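In: With the input below, show me the fold.
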Amino acid sequence: MKYVLDSSVAFKWVVPEADTDKALRLRDDFHKGLHELLAPDVFAIEVIHGLTRAERQGRVTPPDGGLFWHDVMATAPQLFPSLPLIPRAYAIASAARVGVYDCLYIALAEREKSDFLAADDKLVKNLQKQFPFLVWTAKEAAERTGQGEEPPEAVPLPRGPVVPALTRQCGGPRPDRRLQLQRGGEPGPRSRFAGDDPAPAGRGTHAADVPLPGP
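Out: Okay, the predicted model is just below:
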C-alpha cells in the first residue's frame, strides 16, 4: 500500500510517546517492503523542528536529537518537492483554516491518490470529513478502503486565487511585470537544496540521495 506519511508519525519512531507502538509497526512493515511511504520535502525540517522542541521540553538531550534525526532520515519516505504542491495547499489551508504545512501533505496525498497517515488527533478530527483519506494507522486505511482499492476522493474545496509569482514557478500563467519580486529585473532562480539539481517535475527524491550533515 502507498501512504503519505506525516512527520508526527516518524517522530514517534525515535521519541517514545502515545501510539509509538503503532508507528514502529508501520516502520517495520515499511522495512519489509509492505508499504510505500511518501512525503513533501518539508518532512525533514518538521522532524528536526519536533526534536528541537522536545529538547527544550527536556524530553530529548542535545546529543540525542541529532542522532534521532539521522535515524529517521535513514529510512525516511520518498520526498517530493513542495513548490508544485503550494497552490493546492494554500487553497486547502485558506478554506479549512488549518496550517499550510499540514496541507502540503494533504495536497500530495490527493495528487498521488493515497491515504495520509497522521498522528495528529486534532488534524484528523477537523479534516477527515472533507478528506476521507486522512487516517492514523495503515490498518485503519486497509479496513476502510479494502486492500488494493483506491482511497476515496476528497470533497473538493474552493481553490481560490494563487499568488502570481508563485504560480509562474509552478508552471502557471506569467504574472504581470509589476508583480515581479525583484525590482528592475526578472524574478530570481528557483530555490533548491544547495549543491543539488532540482528533481524532475512530479518525481520525488529518496532521502538517501540527499547528503546528510554530520552529527
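
In: I'd like to know how many residues surround residue 50.
Out: 22 (other CB atoms under 10 Å). Where C-beta positions appear, they are placed from N, C-alpha and C, glycine not excepted.

In: Now do the strands in the chain.
Out: Assigned by DSSP state E, the chain shows strands spanning 2-5, 36-40, 78-80, 115-117, 134-135, 205-206.

In: who are the neighbours of the first one, in terms of helices and strands?
Out: If I follow you right, that is strand 2-5. strand 36-40, helix 100-112, strand 115-117 (3 or more CB pairs under 8 Å, 6 or more residues apart in numbering; DSSP states H and E).

In: Next, the buried residues of the second one.
Out: Which is helix 100-112. Within helix 100-112, the residues scored as buried using 16 or more other CB atoms under 10 Å are 100-110, 112.

In: Residues in contact with it: which ones?
Out: 2, 4, 6, 38-40, 42, 46, 80, 82, 85-86, 88-90, 92-93, 96, 115-116, 118, 120, 123, 127, 131, 133-134, 151, 154 (CB atoms under 8 Å, 6 or more residues apart in numbering).

In: I would like the C-alpha coordinates for it, written out in CSV, please.
Out: Taking Å, rounded to 0.1, in the frame of the first residue of the first chain, the C-alpha atoms of helix 100-112 are listed here in CSV:
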residue,chain,number,x,y,z
VAL,A,100,-0.3,25.2,5.4
TYR,A,101,2.4,22.7,6.3
ASP,A,102,-0.3,20.1,7.1
CYS,A,103,-2.0,20.9,3.8
LEU,A,104,1.2,20.2,1.8
TYR,A,105,0.8,16.6,2.9
ILE,A,106,-2.9,16.6,2.1
ALA,A,107,-2.2,18.0,-1.4
LEU,A,108,0.4,15.3,-2.0
ALA,A,109,-2.0,12.6,-0.9
GLU,A,110,-4.6,14.0,-3.3
ARG,A,111,-2.2,14.0,-6.2
GLU,A,112,-0.8,10.6,-5.5
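
In: all numbers from here: first residue = 5
Out: Understood, numbering begins at 5; the last thing we discussed is helix 104-116.
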